[in-house]
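A.B. asks: predicted coordinates and the sequence they were generated for:
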Amino acid sequence: MSSTRQQEHAKMAPRPSNAPLHGSDADHGNDASAQNNGSYEKSQSRKRGIIGFMMAMPPIVVLVLFVGAPVVLAILFSLGYTGGLNQIAAEIGTNVHQGSPLSIGAYLDIFQDSRFIRDLLVTLVVTIVGTAAVILITTSIAVFMRMSRSKAGGLLAGLAVIPLFIPVVIASWANLIFYQPNGFLRSLFAQFGIQAPIWGFTTIGVIIASVWVNLPFSMLMTISGFQSVPDDLIDGARDAGASTFRIVCEILLPLARPQMLIATTLTAIGILGQFTVPYFIGPNAPTMLGVDIAKYYQSFNRPQQSVAIAVVMFIIGIGIAVTYIVTSVRGDDDAAKE
């Protein structure tokens, strides 16, 4: 009897705080600890997310107020919304189409104007030719620099980057002075009895200046792409008897493709939306759409049509960006298949 009573008292006695847990008690303790740790980590992660969101809010608010909202209002204004913040521009401007609720009258005005169609074609030609020339020049310099490893390649790359440190206004004025009828080029050729071409106030002069202004960024991107190609691949191809042309076409260009796509896209968008270069160097007509926007808004007092032209340029820019994305995705898919 005494032993039985002792066992019962032992079961009823409280467990010491430092006594080890055994069996199911230990499992329950581990589960509770894991749950506490999990809830703590979730709360900390939630706090970090809230803090990060609050830190990102100021620039987001600035973009929404000073970029997003004006863009939306401008697009609505081009579609005939003349209320709210668009009211003053609608009252001052001429040939303003008021929608009920929307209208495409401003777009019909510009597309029925032969001057706009002519300037649109000039803008596309300058963008395509200028971008192609920039990529051709930068790729040639990058290939020469990568394959020769000579000082001449570095010198050419350095010269191509110089326009990066010259304001566009100064560069445009310098190009105009160089190519105008009494400029440096014709004066130099006249010393030898040769009539040099006049490229000031011409579309050709706009293309030349656009190439010169947009060289630096494309040069840096293209060089970084070619320099990232490992030397082992080039040396291995040379040891296998591959020619320089084959190395460039089958090794350098495919591996530098992402950087070249970025350079091509940003160069095309930059040339498309430029204003200073065609304003200084280009003729009064035909001109590029960037200059047309200013003319329609200031000289013709047709703000709705000027915004419509800006929307057309915006759509073309989106098309260039979409082309870049599609080409990049296809390239990644082809690389994955190989």
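C.D. replies: Now that the structure is in, tell me what you want to look at.

A.B. asks: just the helices in the stretch 51-200 of the chain please.
C.D. replies: 69-78, 87-92, 105-111, 114-148, 151-161, 168-179, 184-190 (DSSP state H, counting those that start in this stretch).

A.B. asks: let me have the ones you listed in TSV, extended by mean pLDDT.
C.D. replies: What follows is the helices of the stretch 51-200 of the chain, written out as TSV (pLDDT from 0 to 100):
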stretch	mean pLDDT
helix 69-78	93
helix 87-92	90
helix 105-111	94
helix 114-148	94
helix 151-161	85
helix 168-179	92
helix 184-190	89
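
A.B. asks: report pLDDT for residue 11.
C.D. replies: If you check residue 11, the pLDDT there is 49.

A.B. asks: tell me the pLDDT at residue 95?
C.D. replies: On the pLDDT scale, residue 95 gets 91.

A.B. asks: same question, residue 8
C.D. replies: 51.

A.B. asks: residue 201 now?
C.D. replies: 92.

A.B. asks: I figured it was touching residue 285, is that so?
C.D. replies: No. Judged on CB atoms under 8 Å, residue 201 makes no contact with residue 285 at a distance of 10.8 Å. C-beta coordinates here come from the backbone N, C-alpha and C atoms, glycine included.

A.B. asks: show me which of the two is the more surrounded one.
C.D. replies: residue 201 (16 against 12; other CB atoms under 10 Å).

A.B. asks: ok, that one - contacts?
C.D. replies: 176, 180, 281-283 (CB atoms under 8 Å, 6 or more residues apart in numbering).

A.B. asks: ok, so of those, who is nearest residue 141?
C.D. replies: residue 281 (24.1 Å; CB to CB).

A.B. asks: enumerate every residue touching the nearest residue to the closest one once chain neighbours are set aside.
C.D. replies: Closest residue to residue 281 apart from its sequence neighbours, by CB to CB, 6 or more residues apart in numbering: residue 205 at 4.6 Å. By CB under 8 Å, 6+ apart, the contact list for residue 205 reads 175-176, 179, 199, 281-282.

A.B. asks: and residue 205, how far from residue 212?
C.D. replies: 11 Å (CB to CB, to the nearest Å).

A.B. asks: with residue 301 instead?
C.D. replies: 34 Å.

A.B. asks: can you tell me the helix or strand for residue 285?
C.D. replies: Per DSSP states H and E: residue 285 is located in neither a helix nor a strand.

A.B. asks: so it touches residue 114, yeah?
C.D. replies: No. Counting by CB under 8 Å, residue 285 stays clear of residue 114, with 10.9 Å between them.

A.B. asks: tell me which of the contacts of residue 201 has the lowest pLDDT.
C.D. replies: Within these, pLDDT is lowest for residue 180, at 88.

A.B. asks: neighbours around the closest residue to that one other than its chain neighbours, how many?
C.D. replies: Nearest residue to residue 180 in three dimensions, chain neighbours excluded: residue 200, at 3.3 Å (CB to CB, 6+ apart). Using other CB under 10 Å, residue 200 has 23 other residues around it.

A.B. asks: quick revisit: and of the helices of the stretch 51-200 of the chain, who's closest to residue 248?
C.D. replies: From these, taking CB to CB, the stretch that ends up closest is helix 114-148, at 5.6 Å.

A.B. asks: do I have it right that residue 202 meets residue 282?
C.D. replies: Yes. When contacts are counted by CB under 8 Å, residue 202 is listed as touching residue 282 (7.4 Å).

A.B. asks: higher neighbour count, the two?
C.D. replies: Per other CB under 10 Å, whichever of residue 202 and residue 282 has more neighbours is residue 282, with 27 against 16.

A.B. asks: how much space between the more buried one and residue 114?
C.D. replies: From residue 282 to residue 114 the distance is 18 Å (CB to CB).

A.B. asks: cool, and residue 138?
C.D. replies: For residue 138 relative to residue 114 (CB to CB), the value is 36 Å.

A.B. asks: okay, these two: which has more neighbours?
C.D. replies: Using other CB under 10 Å, the more surrounded residue of residue 138 and residue 114 is residue 138, with 28 against 8.

A.B. asks: what's near enough to touch that one?
C.D. replies: 160, 215, 218-219, 221-223, 263.

A.B. asks: swap in 10 Å and give it another go.
C.D. replies: 157, 160, 211, 214-223, 226, 260, 263-264, 267 (CB atoms under 10 Å, 6 or more residues apart in numbering).

A.B. asks: among those, which ones are in helices?
C.D. replies: Using DSSP state H, 157, 160, 211, 214-223, 226, 260, 263-264, 267 are the members of those that sit in helices.

A.B. asks: just to revisit the earlier point, out of the contacts of residue 201, which comes closest to residue 232?
C.D. replies: The nearest one, if we look at the contacts of residue 201 relative to residue 232 and count by CB to CB, is residue 281, at 46.4 Å.
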